[in-house]
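Undergrad: Here's a sequence, model it:
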Amino acid sequence: MRLKTVPGFGLILAHVLAAEIGKIERFKNQKSLASYSLLAPRADDTGEDDPSHSPKGRHLGLRGNRTLKWAFIEAAHGAVRSGGKWRAIFDRATDGGKKNRNRGYIKVARELVKVVYAVWAKGVDYQVIPPGRPGRKNNKKKSRSETGQLLHPMVHA
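TA: From the prediction side, this is the model:
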């Protein structure tokens with residue numbers, strides 16, 4: 001089960017996700033999975049609807065699967081404890097753990113939805129790709145055959 005490779009997910013949470021989601025093909029993208037999991041922001045503004053604006057409220061949706069919301073937030077707790085990228089997301093949302101910690105866990109849970117959708121839809125294990133070294137470019141020179149140049153250019157006299 002590939003979901004166990006995602007930080008924060010163990011045997012039980014992976015099985016909860018598999019049981020509650022069923023087939024990942026039901027969702028056209030990660031946003032629809034986040035919405036179904038009650039982790040997508042909802043629009044709560046009054047007045048005219050402007051379709052160009054995305055919901056930027058502090059409220060989550062009310063219709064969806066509460067068990068999935070619980071599972072993703074539980075996994076977020078484990079992912080934050082594992083450190084790395086997940087701890088950085090949490091610290092950025094909570095100002096280093098000084099502000100509303102629940103908001104930080106929800107932010108991490110939303111990111112986990114993206115990862116779970118990608119892992120499940122593509123059928124690959126989760127891998128941490130380390131960031132490149134700062135200031136270093138990929139200086140691998142291409143051979144002439146890769147650039148489309150002739151190996152022995154004709155010299156015009």
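
Undergrad: From now on I want contacts and neighbour counts done on CA atoms only, so please keep to that.
TA: Noted.

Undergrad: Surely Arg66 and Ser37 touch.
TA: Yes. Assessed by CA atoms under 8 Å, Arg66 is found in contact with Ser37 at 6.7 Å.

Undergrad: where do the helices sit along the chain?
TA: Secondary structure of the chain (DSSP state H): helices at 11-21, 30-36, 66-82, 85-94, 101-122, 144-147.

Undergrad: Could you dump those into JSON lines with mean neighbour count added?
TA: Formatted as JSON lines, the helices of the chain follow (neighbours: other CA atoms under 10 Å):
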{"stretch": "helix 11-21", "mean neighbour count": "15"}
{"stretch": "helix 30-36", "mean neighbour count": "20"}
{"stretch": "helix 66-82", "mean neighbour count": "20"}
{"stretch": "helix 85-94", "mean neighbour count": "19"}
{"stretch": "helix 101-122", "mean neighbour count": "20"}
{"stretch": "helix 144-147", "mean neighbour count": "10"}
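
Undergrad: Which one, of those, ends up nearest to Leu3?
TA: Leu3 lies closest to helix 11-21 among the helices of the chain, at 5.6 Å (CA to CA).

Undergrad: what residues does the closest one touch?
TA: The set of residues external to helix 11-21 that reach it, using CA atoms under 8 Å, 6 or more residues apart in numbering, is Met1, Leu3, Lys4, Asn65, Thr67, Leu68, Ala71, Ala75.

Undergrad: re the thing from before, would you format the helices of the chain as a markdown table with mean pLDDT and distance to Ile129 included?
TA: Converted to a markdown table, the helices of the chain look like this (pLDDT from 0 to 100; distance: least, CA to CA, whole Å):
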| stretch | mean pLDDT | distance to Ile129 |
| --- | --- | --- |
| helix 11-21 | 93 | 22 |
| helix 30-36 | 89 | 20 |
| helix 66-82 | 93 | 15 |
| helix 85-94 | 91 | 11 |
| helix 101-122 | 91 | 13 |
| helix 144-147 | 54 | 27 |
